[in-house]
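Peer 1: make a model of this:
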Amino acid sequence: VSGSTVAEGWYIRGDLGYSGWVKHDKPNYRIDAFGAPFAEGDFDNARFSKPVSYGVGMGYQFNSFLRADLTTDFFNGSLRGSSNLDSPCITAPAGTTCRLGQKADYSAANFLANGYVDLGTYAGITPYVGAGAGVTYMKWDSFRTNANCQNDTGSCAGATFDEIRVKGDDSWRFTYALMAGAAIDLTERVKLDLGYRFSDMAGGKAFGGSAQVPGVGTVSVKGRDEGF
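Peer 2: Here you go, the predicted structure:
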């Protein structure tokens, strides 16, 4: 253990991170139409971007082992996916099927209260574990769908369709986080923190409104994601 003294008092922090997805744990969704479930499942044929996150915070070091901070961080990204209907797109010839390409953008802001236990300082390096809880403001932009006629036993000649657009929703969600990492002393007043944070955001509203759905007609739809 090094002989350096850990200062007590206030500190500020800045964070820059890469927000990936846990394997096999991408968000899922539900779409309600006519007041009943119409489609639901995992976004297993969709691609979510893995965005950079950034944020700031302020905290207090109580002693050599305990500290706490309040942090705000932001991230945004996009969803790109596809799905298929066995029936034709609206106005498409009989004997064809309908392929839908979906896309939507989202942005989010986390507000967390965090506590940490520092595990001692060794040659200027302080490993730690921590946990946090708070809320996330999640905002989905318009959910956009493009329909494309697919040849099956019929011809798609001349079949074109307007983009389907449903208004995105926003909501506040409960969020918790677990952290681990190590802080490296650069100077007596500056530390470089290299860490990992697992966070879990509750589900909420994603989109809603009326839409002309190929193969179905005009429906009132609601969609939600089941969490990130």
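
Peer 1: can you get me a residue count around Cys156?
Peer 2: Residues within reach of Cys156, counting by other CB atoms under 10 Å, total 19. C-beta here means a position set from N, CA and C on the backbone, and glycine is covered the same way.

Peer 1: i'd like the first residue to be 547 from this point on
Peer 2: Right, with 547 as the first residue, what we last looked at is Cys702.

Peer 1: pretty sure it contacts Pro639?
Peer 2: Yes. The pair Cys702 and Pro639 passes the contact test of CB atoms under 8 Å, sitting 7.0 Å apart.

Peer 1: give the residues shared as contacts by those two.
Peer 2: By the contact definition CB atoms under 8 Å, 6 or more residues apart in numbering, Cys702 and Pro639 are jointly contacted by Cys695.

Peer 1: elements contacting the lengthiest strand in the chain?
Peer 2: Longest strand in the chain, counting residues (DSSP state E): strand 643-664. With contacts taken as 3 or more CB pairs under 8 Å, 6 or more residues apart in numbering; DSSP states H and E, strand 643-664 sits against strand 598-607, strand 612-631, strand 671-686, strand 689-696, strand 716-731, strand 737-747.

Peer 1: where are the low-confidence patches of this structure?
Peer 2: 547-553, 567-593, 758-763 (pLDDT under 70).

Peer 1: re the thing from before, direction included, what does the longest strand of the chain pair up with?
Peer 2: For strand 643-664, the pairing partners within the sheet under DSSP bridges are strand 612-631 (antiparallel), strand 671-686 (antiparallel), strand 689-696 (antiparallel).

Peer 1: hey, C-alpha coordinates of the second one in CSV?
Peer 2: Output in CSV follows, covering the C-alpha atoms of strand 671-686 (Å, rounded to 0.1, in the frame of the first residue of the first chain):
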residue,chain,number,x,y,z
ILE,A,671,-3.8,2.7,-8.4
THR,A,672,-7.1,2.5,-6.4
PRO,A,673,-9.5,-0.3,-7.4
TYR,A,674,-13.2,0.2,-6.5
VAL,A,675,-16.7,-1.2,-6.8
GLY,A,676,-19.9,0.8,-6.8
ALA,A,677,-23.6,0.9,-7.4
GLY,A,678,-26.1,3.6,-8.4
ALA,A,679,-29.8,4.3,-9.0
GLY,A,680,-31.9,7.0,-10.6
VAL,A,681,-33.9,7.8,-13.6
THR,A,682,-33.5,8.0,-17.4
TYR,A,683,-35.3,10.3,-19.7
MET,A,684,-35.8,8.3,-22.9
LYS,A,685,-37.0,9.9,-26.1
TRP,A,686,-37.8,8.1,-29.3
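
Peer 1: tilt between the longest strand of the chain and strand 598-607?
Peer 2: Here strand 643-664 points in a direction 20 degrees away from that of strand 598-607 (axes from the mean of the first three to the mean of the last three CA atoms, to 10 degrees).

Peer 1: so for strand 643-664, what gets flagged as buried?
Peer 2: Within strand 643-664, the residues that count as buried by 16 or more other CB atoms under 10 Å are 643-646, 648-652, 654, 656-658, 660-662, 664.

Peer 1: coming back round to it: out of the helices and strands packed on strand 643-664, which is the most enclosed?
Peer 2: strand 689-696 (a mean of 20; mean count of other CB atoms under 10 Å).

Peer 1: tell me the phi and psi of Cys635?
Peer 2: Here is the backbone geometry of Cys635 (degrees, to the nearest 10): phi -60, psi 160.
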